[in-house]
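[1] Mind folding the following:
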Amino acid sequence: MQTIDITDFYKIELRVGTITKAEVFGKTKKPAYKLWVDLGEFGIKKSSAQITDHYTTDELVGKQVVCVCNFKPRQIADFMSEILVTGFDDGSGKIVLATVDIPVPNGGKLH
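    Residues are numbered from 1 along each chain as shown. Predicted coordinates for the structure are as follows:
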């Protein structure tokens, strides 16, 4: 595992947001959803996420997730993904979202 300096970590804007809308993204090569995430003072940001194995669109709405907010936006088909919703491999290549276990204000920074 490569090590980094703490100043490198501080450069990453890891913030929490609440998924307000989720739709099936039919124009991707791999199954994915379009997500809209409320990041409080930073507004609603969009993300494309390959998380269809463990979640339905209905289950996602209202879920708080940890997001990388300062990557450059990325065009995926006809959708601009502005943030990266984070998660962990479940051991079989399927993603489980990184969430919080107690609700916190949207836009809060990970420390």
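
[2] Just give me the longest strand of the chain.
    Scanning the chain for the strand with the most residues, using DSSP state E, yields strand 14-25.

[3] And the average pLDDT for whatever helix or strand Met80 lives in is what?
    According to DSSP states H and E, Met80 maps onto strand 79-81. Strand 79-81 carries an average pLDDT of 97.

[4] What of stretch 26-37?
    The model assigns stretch 26-37 a mean pLDDT of 94.

[5] what does that stretch contact?
    The contact list for stretch 26-37 (C-beta atoms under 8 Å, 6 or more residues apart in numbering) reads 17-25, 44-53, 55, 57, 60, 65, 67, 76-79, 83, 85. For glycine as for every other residue, the C-beta is placed from the backbone atoms N, C-alpha and C.

[6] Pull out the buried members of these.
    Listed as buried from the contacts of stretch 26-37 are 17-19, 22, 25, 45-52, 55, 60, 65, 67, 76, 79, 83, 85; burial here means 16 or more other C-beta atoms under 10 Å.

[7] Please narrow those residues to those residing in strands.
    Per DSSP E, the subset of those in strands is 17-19, 22, 25, 45-49, 65, 67, 76, 79, 85.

[8] what's the farthest-apart pair in the residues you listed?
    Farthest-apart pair in those is Thr18 and Ile76; separation 21.6 Å (C-beta to C-beta).

[9] What pairs with the strand holding Met80, parallel or antiparallel?
    Here strand 79-81 has these sheet partners by DSSP bridges: strand 74-76 (antiparallel).

[10] And the residue nearest the centre of the chain?
    For the chain, the residue nearest the mean C-alpha position is Val85 (1.3 Å; C-alpha atoms, centre = their mean).

[11] what's across from it in the sheet?
    Under the criterion used here (DSSP bridges), Val85 is bridged to Cys67.
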